[in-house]
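Chemist: Just the structure for this:
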Amino acid sequence: MQKIYHKLVRDRIPEIISANGSTSEIEIMDEETYRQALRQKLIEEAQEAATADEQHLIAELADLYEVIDALMTCYHISPTQVRDEQTQRRTTRGGFSQRIRLLSTSSVEHDNQEE
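Modeler: Numbering: from 1, shown residues only. This next block holds a predicted model:
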């Protein structure tokens, strides 16, 4: 029975498939396709982490980190650059330690009539 995937997989997956007695068809993506596939994989792994139970959360976060590391390598972004940006954003916008849930906002309407 054939299954169609058309998605980015880890490097050893074809080897693992073969070791299990199955066959696979693969292609090597060009740089732009690979970058888009990584971004899609980021969403996939984030969704899996978001829905993981406590027992599987570490594994899902590890998968998410793997995709983040690959994206950083692909775009030549250093861990220091990311940490510096994280620190700056935490300073200007805060972190998540206070567990704040925003329920609503409202704007004050200004009267634009001339006096």
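
Chemist: just for the chain, where's the confidence low?
Modeler: Applying pLDDT under 70 to the chain flags residues 111-115.

Chemist: just checking, what packs against the helix or strand harbouring residue 63?
Modeler: Assigned by DSSP states H and E, residue 63 belongs to helix 54-74. Packed against helix 54-74 by the contact rule (3 or more CB pairs under 8 Å, 6 or more residues apart in numbering; DSSP states H and E) you find helix 31-51. (C-beta placed from N, C-alpha, C; glycine too.)

Chemist: wait, residue 8 sits on residue 42?
Modeler: No - Residue 8 is not in contact with residue 42 according to CB atoms under 8 Å; the separation is 10.0 Å.

Chemist: need the contact list for the spatially most central residue of the chain.
Modeler: In the chain, the centroid-proximal residue (CA atoms, centre = their mean) is residue 42; its distance is 2.9 Å. Applying CB atoms under 8 Å, 6 or more residues apart in numbering to residue 42 gives the contacts 64, 67-68, 71.

Chemist: one more time with 10 Å
Modeler: With contacts defined as CB atoms under 10 Å, 6 or more residues apart in numbering, the neighbours of residue 42 are 64, 67-68, 70-71.
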